[in-house]
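*Asks:* sequence and predicted structure below; questions after.
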Amino acid sequence: MLSMPLRRLRQARRDGARAVRRTGIGKWSEPEFVRLVRFGVRPDASVIAYPMVPYPELSDDEARAIYAYLRTVPPIRNAVQRPVATAIAGADAGRAAYYKYGCNGCHGDSGVGVYDLRKGATDFATDEELIAYIRHPEIRKPGVKMPTWDGVIAEADYAPLASHVRALGAHR
Ligand code: HEC
């Protein structure tokens, strides 16, 4: 028969183990964490919002090292209030999608930002090609610091997004 304190200790450990899985990055795999930190996309395919920004300049190894470190920090239960993506009053669908998916995190408000996307307007003759690029930029340039958007962006948002890229490209 277990003494009470020992039983309580075991229960506390089980609670702790559950907290590890339930809170923060507890359930996240290493690749999921790397994708979030570098490209701003969560395991459920939702995107992060300011003030958290993507860090595409980190290498996979650097992001993995941060993951390894965070896994050594004892977990706590903590309800996180999620910031919501900037809603732009009166925005057209393209502009709204641009902010909804956090394109501004790397391309700024004007399309320039840290990486200038305005060339995309002329690099791709048709919207089909532009959209194909946005879905899978890693096909054109392996190791590119642009996220793979396929499976993240809703199908209905691609066309307005492509026209917004063209609108930004028109201001060069
Ligand atoms: C984590 C950073 C990041 C985010 C977020 C991001 N991009 Fe990019 N994007 C890049 C980088 C880096 C490049 C330059 C790629 C290269 O080196 O060729 C780029 C290039 C582009 C280009 C230009 C391609 C060309 O011909 O030069 C387009 C268009 C583009 N992005 C669209 C988008 C759209 C639309 C979104 C939002 C759905 C988005 N990007 C979000 C990093 C990002």
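*Replies:* Structure received.
*Asks:* from the ligand, how far out is the nearest residue to Arg42 once chain neighbours are set aside?
*Replies:* In space, and not counting its chain neighbours, Arg42 is closest to Leu36: 5.7 Å by C-beta to C-beta, 6 or more residues apart in numbering. All C-beta atoms are positioned from the backbone trio N, CA, C, and that covers glycine. According to C-beta to the nearest ligand atom, to the nearest Å, Leu36 and the ligand sit 11 Å apart.
*Asks:* I'd guessed Leu36 sits against Ser46; true?
*Replies:* No. If you go by C-beta atoms under 8 Å, Leu36 and Ser46 don't touch, sitting 10.2 Å apart.
*Asks:* settle it for me: which of these two has more neighbours?
*Replies:* More crowded of Leu36 and Ser46, by other C-beta atoms under 10 Å: Leu36, with 21 against 13.
*Asks:* shaky segments in the chain?
*Replies:* For the chain, the stretches with pLDDT under 70 are 1-4, 9, 12-22, 85-87.
*Asks:* the ligand versus the closest residue to Ser110 other than its chain neighbours, what's the distance?
*Replies:* Sequence neighbours aside, Leu168 is the residue nearest to Ser110 in space, at 6.5 Å (criterion: C-beta to C-beta, 6+ apart). Leu168 sits at a distance of 9 Å from the ligand (criterion: C-beta to the nearest ligand atom).
*Asks:* sounds good, over and out.
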